[in-house]
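*Asks:* Here is the input, now give the coordinates:
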Amino acid sequence: MGSEGPPAVTFHVTGFKKFHGVSDNPTEKIVNNLNEYMKKNGLPKGVTLGSCTILETAGQGALVPLYQTLQSAVSKDTEQSNFSKVILLHFGVNSGATRFAIEHQAVNEATFRCPDEMGWKPQKVPIIPADGGISKTRKTCVPVDEITRSLAKMGYDVVTSDDAGRFVCNYVYYHSLRFAEQNGVKSVFVHVPLFQTIEQDIQMQFVASLLELLASLC
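*Replies:* Here you go, the predicted structure:
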C-alpha cells in the first residue's frame, strides 16, 4: 500500500539575506514564511518541506550552510523510503527584474560586480577549478520550459533564463547542480523581483504553484 501512487517529494529550499543595493531581500521573507504559508494553505499531496535555509549573500561564505543543507537533504532521503524524491530549490532576487525567471543553468565563473557580504570580489575565477575553465556550464534536469509554460497559463509573469549572472546566485546554483548530479537529486534556481515590483502575496502564491508543479512534473 505504502508504495502505491506517485513518489513523495521532499523540497529543501534556500533564500538569501541582504546584499549591496538590496537591504531587504524578498527571498529571505519568502523562505522564512514558506513553512507557515504552506501549512495554512495546504501542501500538495505527497509533498514535504525538508528544510528552509537562509544563506549569506556571499560566495565562499555561503558554502558551509549550503553544503550542510545539501548533505542533510541526501542523508534524510536515505533514511526515508526509496520512493521519495529530493528537489533542491533555490531563490534569489534580481532587483532590476519585472518578472520571475527560472534558470536553466549555471556557469563555472565567479565575476562579482561588487564585493559580496564578506568582502570577496572575484574576477573570472572558476567556481570549481576541478571542473575546468570558466566557460563550463551545468544544466538542471528539471523541465524548466514546461514548468514556465504552466505557470504562465496560471497568470504568472514568468520566463525561462539561460543566464543566472556571475554573482552569488550563479555561484550557489553551480555548486548545487554539481552536488545534485553527483547524488542523484534535482536542483533548480528561481530569480524573483523585489516586492515593490510583484507584491509579497503574489510571490508566495507563485512559490506554492511552483512547488506543486515541480512535484508533479519531476
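*Asks:* Every contact and neighbour count from this point should use C-alpha atoms.
*Replies:* Noted.
*Asks:* separation between the residue most central in space within the chain and residue 130?
*Replies:* Centroid-nearest residue in the chain: residue 90, 1.3 Å away (criterion: CA atoms, centre = their mean). When distance is defined by CA to CA, to the nearest Å, residue 90 is 24 Å away from residue 130.
*Asks:* Residue ranges in this structure under the pLDDT threshold?
*Replies:* 1-7, 76-83 (pLDDT under 70).
*Asks:* got the residue ranges for the strands in it?
*Replies:* 8-16, 47-55, 84-93, 100-103, 105-107, 137-139, 158-161, 186-192 (DSSP state E).
*Asks:* Tell me the strands beside the second one, with direction?
*Replies:* For strand 47-55, the paired strands and their directions (DSSP bridges) read strand 8-16 (parallel).
*Asks:* How about residues contacting the strand it pairs with?
*Replies:* Here strand 8-16 makes contact (CA atoms under 8 Å, 6 or more residues apart in numbering) with 25, 27-28, 30-31, 46-57, 69-70, 73, 83-92, 215.
*Asks:* Any idea how far that strand is from the middle of the chain?
*Replies:* Averaged C-alpha coordinates place strand 8-16 at 8 Å from its chain's average position (CA atoms, centre = their mean, to the nearest Å).
*Asks:* That strand to strand 186-192, inter-axis angle?
*Replies:* 40 degrees (axes from the mean of the first three to the mean of the last three CA atoms, to 10 degrees).
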